[in-house]
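Q: Following is a predicted model, sequence given first.
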Amino acid sequence: MNIQLHYTEHGSGEPLVLLHGNGEDSSYFEHQIAFFQDRYRVIAVDTRGHGKSPRGTAPLTLNQFADDLRAFMDELDIASAHILGFSDGANVAMLFALAHPTRVKSLVLNGGNLFPEGLTEQTRREIDEEYEQAVATNDEDQLELLRLMIDEPHIDPVQLSGLNMPTLVVAGTDDMIEEAHTRLIAESIPNAQLTLIEGTHFIAFENPDAFNRVVSEFLVR
(Lines give C-alpha, C1' and ligand atoms only; values in the text may rest on other atoms or scores of the structure.)
Protein backbone atom coordinates (compact mmCIF):
# COMPACT_ATOMS: atom_id res chain seq x y z
CA MET A 1 0.00 0.00 0.00
CA ASN A 2 1.44 3.37 -1.02
CA ILE A 3 -0.25 5.29 1.81
CA GLN A 4 -0.71 5.04 5.57
CA LEU A 5 -4.34 4.81 6.62
CA HIS A 6 -5.32 6.90 9.61
CA TYR A 7 -6.99 4.96 12.42
CA THR A 8 -7.83 5.10 16.09
CA GLU A 9 -7.51 2.18 18.47
CA HIS A 10 -9.32 1.65 21.75
CA GLY A 11 -9.52 -1.18 24.26
CA SER A 12 -8.10 -4.68 24.15
CA GLY A 13 -9.19 -8.17 23.25
CA GLU A 14 -10.10 -9.63 19.88
CA PRO A 15 -9.80 -7.02 17.11
CA LEU A 16 -13.00 -5.41 15.88
CA VAL A 17 -12.40 -3.36 12.73
CA LEU A 18 -14.92 -0.64 11.88
CA LEU A 19 -15.35 0.50 8.25
CA HIS A 20 -17.34 3.69 7.62
CA GLY A 21 -19.42 4.70 4.61
CA ASN A 22 -18.96 6.88 1.55
CA GLY A 23 -17.85 10.44 2.26
CA GLU A 24 -17.55 9.83 6.00
CA ASP A 25 -14.75 8.95 8.40
CA SER A 26 -14.22 6.76 11.44
CA SER A 27 -15.83 9.30 13.78
CA TYR A 28 -19.20 7.98 12.55
CA PHE A 29 -18.68 5.08 14.96
CA GLU A 30 -18.26 7.16 18.13
CA HIS A 31 -21.09 5.28 19.88
CA GLN A 32 -19.71 1.88 18.86
CA ILE A 33 -16.17 2.74 19.96
CA ALA A 34 -17.41 3.81 23.39
CA PHE A 35 -19.56 0.69 23.76
CA PHE A 36 -17.29 -2.06 22.44
CA GLN A 37 -13.89 -0.93 23.73
CA ASP A 38 -14.51 -2.63 27.09
CA ARG A 39 -14.55 -6.03 25.42
CA TYR A 40 -12.69 -5.67 22.10
CA ARG A 41 -9.65 -4.03 20.53
CA VAL A 42 -11.69 -1.57 18.49
CA ILE A 43 -9.92 -0.24 15.40
CA ALA A 44 -11.75 2.48 13.46
CA VAL A 45 -10.18 3.18 10.08
CA ASP A 46 -10.42 6.15 7.73
CA THR A 47 -10.72 4.77 4.20
CA ARG A 48 -8.32 5.99 1.51
CA GLY A 49 -9.27 9.54 0.54
CA HIS A 50 -11.58 9.92 3.56
CA GLY A 51 -11.08 11.64 6.89
CA LYS A 52 -7.39 11.91 7.73
CA SER A 53 -6.27 9.19 5.30
CA PRO A 54 -4.48 10.43 2.17
CA ARG A 55 -5.94 9.85 -1.28
CA GLY A 56 -2.79 8.33 -2.78
CA THR A 57 -2.55 7.52 -6.47
CA ALA A 58 -4.38 4.20 -6.68
CA PRO A 59 -7.89 4.04 -8.19
CA LEU A 60 -10.66 4.96 -5.75
CA THR A 61 -12.64 1.73 -5.93
CA LEU A 62 -14.20 -0.62 -3.43
CA ASN A 63 -11.78 -3.36 -4.48
CA GLN A 64 -8.90 -0.98 -3.76
CA PHE A 65 -10.36 -0.28 -0.32
CA ALA A 66 -10.54 -4.03 0.33
CA ASP A 67 -6.92 -4.42 -0.74
CA ASP A 68 -5.99 -1.49 1.52
CA LEU A 69 -7.68 -3.30 4.41
CA ARG A 70 -5.58 -6.41 3.80
CA ALA A 71 -2.38 -4.35 3.79
CA PHE A 72 -3.52 -2.44 6.87
CA MET A 73 -4.16 -5.65 8.81
CA ASP A 74 -0.77 -6.96 7.69
CA GLU A 75 0.91 -3.81 9.01
CA LEU A 76 -0.80 -4.19 12.38
CA ASP A 77 -0.04 -7.93 12.40
CA ILE A 78 -3.74 -8.79 12.65
CA ALA A 79 -4.25 -12.31 11.37
CA SER A 80 -8.05 -12.11 11.58
CA ALA A 81 -10.68 -9.77 12.98
CA HIS A 82 -14.34 -9.19 13.50
CA ILE A 83 -15.27 -6.72 10.77
CA LEU A 84 -18.20 -4.32 10.99
CA GLY A 85 -18.89 -2.37 7.83
CA PHE A 86 -21.46 0.35 7.28
CA SER A 87 -22.84 1.26 3.83
CA ASP A 88 -19.85 1.29 1.43
CA GLY A 89 -17.88 -0.08 4.38
CA ALA A 90 -20.20 -3.10 4.37
CA ASN A 91 -19.53 -3.52 0.65
CA VAL A 92 -15.79 -3.39 1.28
CA ALA A 93 -16.25 -5.92 4.08
CA MET A 94 -18.03 -8.31 1.71
CA LEU A 95 -15.32 -7.95 -0.94
CA PHE A 96 -12.64 -8.48 1.70
CA ALA A 97 -14.40 -11.56 3.09
CA LEU A 98 -14.74 -13.04 -0.39
CA ALA A 99 -11.04 -12.49 -1.12
CA HIS A 100 -9.67 -13.34 2.35
CA PRO A 101 -12.22 -15.47 4.21
CA THR A 102 -9.74 -16.84 6.76
CA ARG A 103 -9.01 -13.32 7.97
CA VAL A 104 -12.60 -12.66 9.04
CA LYS A 105 -13.73 -13.98 12.43
CA SER A 106 -17.23 -12.64 11.90
CA LEU A 107 -18.95 -10.18 9.62
CA VAL A 108 -21.43 -7.43 10.44
CA LEU A 109 -22.95 -5.90 7.31
CA ASN A 110 -24.91 -2.74 8.05
CA GLY A 111 -26.73 -1.12 5.14
CA GLY A 112 -24.68 -2.75 2.38
CA ASN A 113 -25.67 -3.44 -1.21
CA LEU A 114 -24.50 -5.88 -3.87
CA PHE A 115 -25.08 -3.57 -6.85
CA PRO A 116 -26.27 0.02 -7.33
CA GLU A 117 -29.86 -1.04 -7.98
CA GLY A 118 -30.04 -2.18 -4.35
CA LEU A 119 -30.40 1.47 -3.39
CA THR A 120 -33.94 2.82 -3.27
CA GLU A 121 -35.11 4.68 -6.35
CA GLN A 122 -35.33 7.90 -4.32
CA THR A 123 -31.74 7.51 -3.13
CA ARG A 124 -30.46 6.88 -6.67
CA ARG A 125 -32.33 9.95 -7.89
CA GLU A 126 -30.74 12.08 -5.15
CA ILE A 127 -27.27 10.74 -5.97
CA ASP A 128 -27.81 11.55 -9.65
CA GLU A 129 -28.79 15.12 -8.71
CA GLU A 130 -25.69 15.49 -6.52
CA TYR A 131 -23.60 14.18 -9.40
CA GLU A 132 -25.03 16.77 -11.80
CA GLN A 133 -24.26 19.52 -9.28
CA ALA A 134 -20.69 18.26 -8.86
CA VAL A 135 -20.25 18.23 -12.64
CA ALA A 136 -21.53 21.80 -12.83
CA THR A 137 -19.02 22.96 -10.20
CA ASN A 138 -16.22 20.73 -11.47
CA ASP A 139 -15.86 19.18 -8.01
CA GLU A 140 -13.62 16.22 -8.88
CA ASP A 141 -13.35 15.00 -5.28
CA GLN A 142 -17.11 14.78 -4.93
CA LEU A 143 -17.50 13.22 -8.37
CA GLU A 144 -15.06 10.48 -7.43
CA LEU A 145 -17.03 9.62 -4.30
CA LEU A 146 -20.39 9.71 -6.07
CA ARG A 147 -19.12 7.41 -8.81
CA LEU A 148 -18.53 4.78 -6.14
CA MET A 149 -22.26 4.71 -5.42
CA ILE A 150 -23.37 5.09 -9.03
CA ASP A 151 -21.05 2.46 -10.54
CA GLU A 152 -20.32 0.06 -7.67
CA PRO A 153 -20.40 -2.53 -6.25
CA HIS A 154 -20.88 -5.53 -8.53
CA ILE A 155 -21.19 -8.57 -6.28
CA ASP A 156 -22.97 -11.67 -7.52
CA PRO A 157 -25.15 -12.99 -4.67
CA VAL A 158 -24.11 -16.50 -5.70
CA GLN A 159 -20.57 -15.64 -4.60
CA LEU A 160 -21.79 -15.06 -1.07
CA SER A 161 -22.83 -18.70 -0.74
CA GLY A 162 -19.15 -19.56 -0.19
CA LEU A 163 -18.85 -17.48 2.96
CA ASN A 164 -18.91 -19.54 6.15
CA MET A 165 -18.03 -17.05 8.88
CA PRO A 166 -20.79 -15.96 11.29
CA THR A 167 -22.59 -13.05 9.64
CA LEU A 168 -25.07 -10.45 10.82
CA VAL A 169 -26.96 -8.43 8.22
CA VAL A 170 -28.55 -5.38 9.79
CA ALA A 171 -30.39 -2.39 8.35
CA GLY A 172 -32.87 0.31 9.27
CA THR A 173 -36.59 -0.07 8.73
CA ASP A 174 -36.46 3.12 6.64
CA ASP A 175 -33.10 2.47 4.99
CA MET A 176 -31.56 3.81 1.78
CA ILE A 177 -31.27 0.14 0.77
CA GLU A 178 -34.36 -1.67 -0.46
CA GLU A 179 -35.51 -4.11 2.22
CA ALA A 180 -35.79 -6.86 -0.39
CA HIS A 181 -32.15 -6.26 -1.28
CA THR A 182 -31.05 -6.48 2.35
CA ARG A 183 -32.96 -9.74 2.61
CA LEU A 184 -31.24 -11.00 -0.55
CA ILE A 185 -27.84 -10.44 1.06
CA ALA A 186 -28.88 -12.31 4.21
CA GLU A 187 -30.44 -15.16 2.25
CA SER A 188 -27.32 -15.52 0.08
CA ILE A 189 -24.93 -16.03 3.02
CA PRO A 190 -25.29 -19.41 4.73
CA ASN A 191 -26.81 -19.11 8.23
CA ALA A 192 -26.65 -15.31 8.22
CA GLN A 193 -28.71 -13.51 10.85
CA LEU A 194 -30.97 -10.70 9.63
CA THR A 195 -32.13 -7.90 11.92
CA LEU A 196 -34.05 -4.75 11.02
CA ILE A 197 -33.83 -1.89 13.53
CA GLU A 198 -36.21 1.04 13.77
CA GLY A 199 -34.65 3.98 11.96
CA THR A 200 -32.94 5.14 8.80
CA HIS A 201 -29.75 4.10 7.02
CA PHE A 202 -27.78 5.65 9.90
CA ILE A 203 -29.06 3.48 12.76
CA ALA A 204 -25.60 2.96 14.30
CA PHE A 205 -25.44 6.69 14.97
CA GLU A 206 -29.12 7.55 15.40
CA ASN A 207 -30.22 4.48 17.39
CA PRO A 208 -26.97 3.24 18.95
CA ASP A 209 -28.49 1.49 21.96
CA ALA A 210 -30.53 -0.87 19.80
CA PHE A 211 -27.76 -1.26 17.22
CA ASN A 212 -25.03 -2.00 19.78
CA ARG A 213 -27.21 -4.47 21.61
CA VAL A 214 -27.94 -6.44 18.43
CA VAL A 215 -24.27 -6.47 17.39
CA SER A 216 -23.06 -7.37 20.89
CA GLU A 217 -25.46 -10.29 21.19
CA PHE A 218 -24.34 -11.52 17.79
CA LEU A 219 -20.62 -11.29 18.58
CA VAL A 220 -20.82 -13.19 21.89
CA ARG A 221 -23.10 -15.99 20.73
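A: That came through, no problem.
Q: ok, now how distant is Tyr40 from Met176?
A: For Tyr40, the distance to Met176 equals 27 Å [CB to CB, to the nearest Å]. The way it works is simple: take the backbone N, C-alpha and C, and place the C-beta from them, glycine included.
Q: Repeat that for Glu14.
A: Between Glu14 and Met176 the computed distance is 30 Å (CB to CB).
Q: which one of those two has more residues nearby?
A: Just comparing Glu14 and Met176: by other CB atoms under 10 Å the higher neighbour count belongs to Met176, 22 against 14.
Q: That one is in contact with Glu121, isn't it?
A: No - applying CB atoms under 8 Å, one finds Met176 not in contact with Glu121, separated by 10.7 Å.
Q: Can you list the buried residues in stretch 173-183?
A: Residues Asp175, Met176, Ile177, Glu178, His181, Thr182 are the ones in stretch 173-183 that count as buried (16 or more other CB atoms under 10 Å).
Q: what's near enough to touch the last one?
A: So that's Thr182. By CB atoms under 8 Å, 6 or more residues apart in numbering, the contact set of Thr182 is Gly111, Val169, Ala171, Asp175, Leu194, Leu196.
Q: Which of the residues you listed fall within strands?
A: Using DSSP state E, the members of the contacts of Thr182 that fall in strands are Val169, Ala171, Leu194, Leu196.
Q: Just the buried residues out of those residues, in ChimeraX syntax.
A: Buried residues among the ones in strands among the contacts of Thr182 (16+ other CB under 10 Å), as a ChimeraX selection:
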select :169,171,194,196
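Q: Make TSV out of the ones in strands among the contacts of Thr182 and add distance to His82 and pLDDT.
A: Output for these, formatted as TSV (distance: CB to CB, whole Å; pLDDT from 0 to 100):
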residue	distance to His82	pLDDT
Val169	15	98
Ala171	19	98
Leu194	18	98
Leu196	21	98
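Q: Dump the ones in strands among the contacts of Thr182 to a markdown table, plus distance to Gly21.
A: Formatted as a markdown table, the ones in strands among the contacts of Thr182 follow (distance: CB to CB, whole Å):
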| residue | distance to Gly21 |
| --- | --- |
| Val169 | 16 |
| Ala171 | 13 |
| Leu194 | 20 |
| Leu196 | 18 |
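Q: Which of the ones in strands among the contacts of Thr182 sits closest to Leu160?
A: Relative to Leu160, the closest of these is Val169; by CB to CB it sits at 10.2 Å.
Q: Give the burial count for the closest residue to that closest one other than its chain neighbours, as a bare number.
A: Spatial nearest neighbour of Val169, chain neighbours left out: Ala186 (4.0 Å); criterion: CB to CB, 6 or more residues apart in numbering. Using other CB under 10 Å, Ala186 is surrounded by 19 other residues.
Q: residues touching Phe211, list them.
A: His31, Gln32, Asn110, Val170, Ile197, Ile203, Ala204.
Q: And the residue nearest to Asp175 when sequence neighbours are not counted, how close does it get to Ser161?
A: Once flanking residues are discounted, Asp175 sits nearest to His201: 4.9 Å by CB to CB, 6+ apart. Distance, His201 to Ser161, by CB to CB: 26 Å.
Q: distance from the centroid: which residue in the chain tops it?
A: For the chain, the largest distance from the centre (CA atoms, centre = their mean) belongs to Ala136, which lies 29.4 Å off.
Q: Now that one. Its backbone dihedrals?
A: Main-chain torsions, Ala136, degrees, to the nearest 10: phi -60, psi -30.
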